[in-house]
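Peer 1: sequence unavailable; structure follows:
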């Protein structure tokens, strides 16, 4: 089993990537903003991939670790990968009302709530290229 497939590592990375609580994510998914962002597979007008993932994330967050299947861990890895890739594409300027943020929120990650990425990481490099995050997002002493 590779390190990326280690259930403990996957669970840790998932809980770091998903920074919204189940109730908060559920409320978000009911908004018009949430429903109008993201890629839709299949016919027009269907649910976006991220919106569908958000509903699944709520279920994963509410279950005990022992109840998680390999399929659940596979989805958790997909969520972690999406959040990491999307964070590296942070647009410049105020992101509070952007499709970029709304899409991330469908996947359980609100970039305005997150601590800064670890130094040297891809997301940190993207922030340095495009500007610093709002003061509200910076952790203590940053």
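Peer 2: Ah, there it is. These figures come from a predicted structure and were not determined experimentally.
Peer 1: show me where this structure has its helices.
Peer 2: Here the chain has its helices, by DSSP state H, at 7-17, 22-29, 32-35, 49-62, 70-87, 99-106, 122-130.
Peer 1: list phi and psi for the residue most central in space within the chain.
Peer 2: By Cα atoms, centre = their mean, the chain has its centre lying nearest to residue 109, at 3.3 Å. Backbone torsions of residue 109, given as degrees, to the nearest 10, read phi -120, psi 120.
Peer 1: which residues does it contact?
Peer 2: By Cβ atoms under 8 Å, 6 or more residues apart in numbering, the contact set of residue 109 is 17-20, 83, 86-87. Placement of C-beta: from N, CA and C, glycine included.
Peer 1: and those, which is closest to residue 46?
Peer 2: The closest of the contacts of residue 109 to residue 46 turns out to be residue 86 (Cβ to Cβ; 21.0 Å).
Peer 1: now that closest one, nearest residue through space, not along the chain?
Peer 2: Distances taken as Cβ to Cβ, 6 or more residues apart in numbering place residue 104 nearest to residue 86, at 5.4 Å, with adjacent residues excluded.
Peer 1: you'd agree that neighbour is up against residue 83?
Peer 2: Yes: using Cβ atoms under 8 Å as the test, residue 104 is close enough to residue 83 to be in contact (6.6 Å).
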